[in-house]
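Q: Task: produce atomic coordinates for the following.
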Amino acid sequence: MPDVQIYGGGIAGLTAALLLEEQKQTYQLYETQSHWGGKLQTTQQDGFALDHGFQVIQSAYPALEIYHKRGYLNDALAFGSGAWLLSNGRKTLLADPLREFPRGLAALGHPGIKLNDVFQVVKLRNSLINQSPQTFFRGNPITTLQYLQSCGFSQSFIESFFKPFFTGIFLEEALNTPHSMFQFVFWALAKGNACLLPGGIQTLPNRIVASLNPNNLHLNASPDYRAEGRTLQKHFATQAHYFAVDTHLGLVKFIGLNATNHGNINLIAIPSAVQSGYAPNGKHLLCVSLKPSSSNGLAQISPSQILTEVEHLLSTKISAQWLNTLAVPQALPSDTPYLYGDEPQPETPTSNGPGNALYATGNIANPSLNAAILHGMSLYSSVNCR
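A: Next up, the predicted model:
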């Protein structure tokens, strides 16, 4: 029997396996599904790369350094630093006022944005950017909504920008996520970029797997491992509709936010305007991510209805071909402890014989790629501390 058996082939399990591989330690990695990467999944269809949910890689996440230095992210390309606010037939670019100056000031023409809101964005950015991200997870948390209100942002700005933008990240519309998570994500956006890899989000786990010994990897494994004390997590859902279009629809490299309180759409984006490999030559990929309330599996929303809503938001008729609708009922865990990720984890290895240990992945400190990678590093450290 191998010294180490890892159950779970998501980013945490793959990270642990990679570190073990590089140290020439024996292990076996088991995944019950037919693909590696867990929630980092992409369906390839007719030359298009359809991610399971709108997903990006935040380049400034500290734990990603393990993959930056191995060159796995060298060809990542970034969305623009900002977003289009789409409401009442108008399209207003809200861009980072420091990175996109003077274009970032154009948002002052939007009726829902006040000069004080722009000032508060700069103030918030400056107050967070030089902090260590671990500090955000200390102290008593309040909700993200309460935090934004305490920062002095107008309610109209919260409704038109913060709610749709961070709903796309947190997958909940009320902004009840602890403000520590908001600070961490806002910090990462200020420090780095929201990026895509060629071929979709699954490119990252695929590259990790390519570095591993295939004899140690087992897909479609029977779920015969049960860790004592592990509980079934609750999850937020997401759903994305994909269409083939001929142009970037004027969005270019910025996402478009539904800045109204109406409809099923949360955001729209053209991933192929960032990474050309998301669509075949001569085509673009339109991704329409729905609000969580429209992604719970009970809503039956037709692609034609979604396209009509897109046309309304952009105030233009669109020639589009529906490709697929991908629902992810367990997109993000909703009951994590919201720690940074390098604190001691509650689960411990279970022995299945002399010299052998079983490790399970899945329970992470917060719902982020950063925390999943740190969890994998923690599993690797646990092996080396036995």
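Q: Tell me if residue 310 really is in a strand.
A: No: Residue 310 is assigned helix when assessed by DSSP: H, G, I helix; E, B strand; the rest coil, not a strand.
Q: Counting by contacts, list what the longest helix seen in the chain packs against.
A: Longest helix in the chain by number of residues (criterion: DSSP state H): helix 369-384. Secondary-structure packing of helix 369-384 (3 or more Cβ pairs under 8 Å, 6 or more residues apart in numbering; DSSP states H and E): helix 11-22, strand 57-58, helix 65-68, strand 357-360. Yep, even glycine has a C-beta here, placed from its N, CA and C like the rest.
Q: Highest mean neighbour count out of the ones you listed?
A: Highest mean neighbour count among those (mean count of other Cβ atoms under 10 Å): helix 11-22, with a mean of 24.
Q: pLDDT score for the residue most central in space within the chain?
A: In the chain, the centroid-proximal residue (Cα atoms, centre = their mean) is residue 55; its distance is 4.5 Å. Residue 55 carries a pLDDT score of 98 in this model.
Q: before we move on, what about residue 353?
A: The model's pLDDT for residue 353 equals 50.
Q: Please apply the same query to the one 5 residues further on.
A: Residue 358 is assigned 72 on the pLDDT scale.
Q: Can you report how many residues lie near the nearest residue to residue 18 once chain neighbours are set aside?
A: Residue nearest to residue 18 in three dimensions, not counting chain neighbours: residue 208, with 5.6 Å by Cβ to Cβ, 6 or more residues apart in numbering. Per other Cβ atoms under 10 Å, the neighbour tally for residue 208 reads 24.
Q: cool, and the one 10 residues further on?
A: Neighbour count of residue 218, defined by other Cβ under 10 Å: 16.
Q: what residues are up against it?
A: Residues near residue 218 by Cβ atoms under 8 Å, 6 or more residues apart in numbering: 28, 29, 30, 31.
Q: and if you look at residue 375?
A: Per Cβ under 8 Å, 6+ apart, neighbours of residue 375: 12, 15, 341, 345, 361, 363, 364, 365.
Q: ok, back up a step: what comes up buried for the longest helix of the chain?
A: Going by neighbour count (16 or more other Cβ atoms under 10 Å), the buried part of helix 369-384 is 369-380, 382-383.
Q: I'd like these as CSV, with pLDDT and distance to residue 166 appended.
A: Below are those laid out as CSV (pLDDT from 0 to 100; distance: Cβ to Cβ, whole Å):
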residue, pLDDT, distance to residue 166
369, 97, 16
370, 97, 16
371, 96, 17
372, 96, 19
373, 97, 22
374, 96, 22
375, 94, 23
376, 95, 26
377, 95, 27
378, 92, 27
379, 90, 30
380, 92, 32
382, 84, 33
383, 80, 36
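Q: helices or strands up against the lowest-mean-pLDDT helix or strand in the chain?
A: When each helix and strand of the chain is scored by mean pLDDT, DSSP states H and E, strand 357-360 comes last, with a mean of 75. Using 3+ Cβ pairs under 8 Å, 6+ apart as the contact test, the elements touching strand 357-360 are strand 4-7, helix 369-384.
Q: Partner strands of the first one and their direction?
A: To tie it back to what came earlier, the one meant is strand 4-7. strand 27-30 (parallel), strand 357-360 (parallel) (DSSP bridges).
Q: contacts for the first one?
A: Put plainly, it is strand 27-30. Here strand 27-30 has contacts from 2-9, 13-14, 16-17, 20-21, 212, 216-218, 221, 225, using Cβ under 8 Å, 6+ apart.
Q: Look up how far residue 13 lies from the residue lying closest to residue 217 once chain neighbours are set aside.
A: Closest residue in space to residue 217, ignoring its immediate chain neighbours: residue 29 at 5.4 Å, by Cβ to Cβ, 6+ apart. In this view, residue 29 and residue 13 are 6 Å apart by Cβ to Cβ, to the nearest Å.
Q: And for residue 267?
A: 30 Å.
Q: again, but for residue 136
A: On the measure of Cβ to Cβ, residue 136 and residue 13 end up 26 Å apart.
Q: helix, strand or coil for residue 327?
A: Residue 327 falls in the strand class when you classify it by three-state DSSP.
Q: What residues does the nearest residue to it once chain neighbours are set aside make contact with?
A: Leaving aside its chain neighbours, residue 327 sits nearest to residue 239 (4.5 Å; criterion: Cβ to Cβ, 6+ apart). Residue 239 is in contact with 53, 289, 290, 294, 295, 325, 326, 327, 328, counting by Cβ under 8 Å, 6+ apart.
Q: try 6 Å
A: Shown in contact with residue 239 (Cβ atoms under 6 Å, 6 or more residues apart in numbering): 290, 295, 327.
Q: For the residue nearest to residue 21 when sequence neighbours are not counted, grab the count of nearby residues.
A: Once flanking residues are discounted, residue 21 sits nearest to residue 212: 5.4 Å by Cβ to Cβ, 6+ apart. Other residues near residue 212 come to 18 when the count uses other Cβ under 10 Å.
Q: Angles on the backbone of residue 212, please.
A: phi -100, psi 160 (degrees, to the nearest 10).
Q: Begin at 7, not 1, for the rest of this chat.
A: Okay, residue one is now 7; in that scheme the one you just asked about reads as residue 218.
Q: which residues of the stretch 257-392 of the chain fall in helices?
A: 309-320, 375-390 (DSSP state H, counting those that start in this stretch).
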